[in-house]
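*Asks:* give me coordinates for this.
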Amino acid sequence: MKLVFPGGEHPQVILQPGVNSVGSAPDANIVLDRPGVQPRHCQLHVTANGVMLDVPSEAPVTVNGSPVRGLIALRDGDRVSFDRFEARLTGMENVAVGRAAGAAVSANDDLFATTVRAALPKFMLRGMSGHLFGRSFALGSVNTVGRAPESTLQIDENGISRAHARLVPSDDCVQIEDVGSTNGTFLNGKRILHGEARAGDEIGFDTLRFQLISTAPSEETEPQAEVGGRMDPRLMWGLVAGLVLLAGAIFLAL
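*Replies:* You can find the predicted model right below:
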């Protein structure tokens with residue numbers, strides 16, 4: 001199962017088996033660092049039997065528009081709101097099954113369209129310094145960086161401007177634009193206004209440093225063990241023919 005955020009507050013999240021915490025705390029599995037979201041807002045328990053939502057008594061959470069408390073079972077298609085930020089629970093197989101069965105497109109097919117477009121991100125930022133060290137942030141289609149609550153990547157640091165930078169991924173790189181920050185945007189240690197980062201490059205905002213990570217599988221060359229372990233049949237017959245001719249030549253010499 002996965003959570004899709006139609007409003008773009010967070011990239012889609014594939015729920016892992018076990019406990020998936022939601023909140024504004026930096027160590028939450030799903031970080032929603034926005035006003036109204038508590039550090040430990042709620043938990044999603046994923047088991048072989050489905051998804052259970054565990055809501056503390058003080059956290060504002062609704063399911064399909066109704067406030068909930070305690071432990072509640074979720075179903076495919078449920079709308080879960082964390083304060084003012086809504087996500088939809090959907091199965092990984094919905095699009096494939098629906099299309100394979102030739103199902104008619106309904107008026108509510110926006111769910112499936114959103115799921116298809118919100119593919120796993122091509123790039124991620126991994127924190128290399130400060131309190132964000134080790135944390136990873138998926139990059140969507142357009143990503144704003146700053147202290148402002150509406151920023152895609154909100155960094156509440158004094159050295160970060162309210163509107164600091166913009167990151168736009170393409171097929172093989174990420175376009176970086178400084179949008180008037182005070183303390184600068186950096187690419188591999190050099191201050192820039194515009195730049196193009198590739199996987200492995202270091203991106204900095206003020207003194208915070210991130211490494212750009214590609215989520216694409218690495219291309220590997222085909223293993224050669226198979227070639228070395230088996231002989232080409234044509235080569236084998238050529239070798240046999242050569243041995244026969246050699247044996248005939250030795251026989252005639254005798």
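*Asks:* what about stretch 198-207, average pLDDT?
*Replies:* The average pLDDT within stretch 198-207 is 96.
*Asks:* what helix or strand is residue 10 located in?
*Replies:* Using DSSP states H and E, residue 10 sits within no helix or strand.
*Asks:* let me see the contact set for residue 69.
*Replies:* 55-57, 61 (Cβ atoms under 8 Å, 6 or more residues apart in numbering). For glycine as for every other residue, the C-beta is placed from the backbone atoms N, C-alpha and C.
*Asks:* phi, psi for residue 131 please.
*Replies:* Here is the backbone geometry of residue 131 (degrees, to the nearest 10): phi -70, psi -10.
*Asks:* not counting sequence-adjacent ones, nearest residue to it?
*Replies:* Leaving out its chain neighbours, the residue that sits closest to residue 131 by Cβ to Cβ, 6 or more residues apart in numbering is residue 26, at 6.5 Å.
*Asks:* please apply the same query to residue 163.
*Replies:* Closest to residue 163 by Cβ to Cβ, 6+ apart is residue 146, at 4.7 Å.
*Asks:* wait, the one you found sits on residue 157?
*Replies:* No: applying Cβ atoms under 8 Å, one finds residue 146 not in contact with residue 157, separated by 10.1 Å.
*Asks:* who's more crowded, these two?
*Replies:* residue 146 (22 against 16; other Cβ atoms under 10 Å).
*Asks:* distance of that one relative to residue 205?
*Replies:* 9 Å (Cβ to Cβ, to the nearest Å).
*Asks:* repeat that for residue 33.
*Replies:* Applying Cβ to Cβ to residue 33 and residue 205 gives a distance of 15 Å.
*Asks:* the more surrounded of the two?
*Replies:* residue 205 (25 against 19).
*Asks:* would you agree residue 151 is in contact with residue 144?
*Replies:* Yes: under the criterion of Cβ under 8 Å, residue 151 makes contact with residue 144 at 4.8 Å.
*Asks:* which neighbours do residue 146 and residue 205 share?
*Replies:* Going by Cβ under 8 Å, 6+ apart, residues that sit against residue 146 and also against residue 205 are 155, 160, 164-165, 181.
*Asks:* model confidence over whichever strand or helix holds residue 145, on average?
*Replies:* Element membership for residue 145 (DSSP H and E) is strand 143-146. Per-region confidence: strand 143-146 scores 90 on mean pLDDT.
*Asks:* stretch 58-66 now?
*Replies:* Stretch 58-66 comes out at a mean pLDDT of 90.
*Asks:* and for residue 151 and residue 144, which residues touch both?
*Replies:* Common contacts of residue 151 and residue 144, defined by Cβ under 8 Å, 6+ apart, comprise residue 163.
*Asks:* on that earlier part again, partners of the strand holding residue 145, with directions?
*Replies:* strand 153-154 (parallel), strand 165-169 (antiparallel) (DSSP bridges).
*Asks:* mind saving the C-alpha coords of it as CSV?
*Replies:* The C-alpha coordinates for strand 143-146 follow below in CSV (Å, rounded to 0.1, in the frame of the first residue of the first chain):
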residue,chain,number,x,y,z
ASN,A,143,11.0,21.6,-5.3
THR,A,144,11.3,24.8,-3.3
VAL,A,145,13.8,25.2,-0.4
GLY,A,146,13.4,27.7,2.4
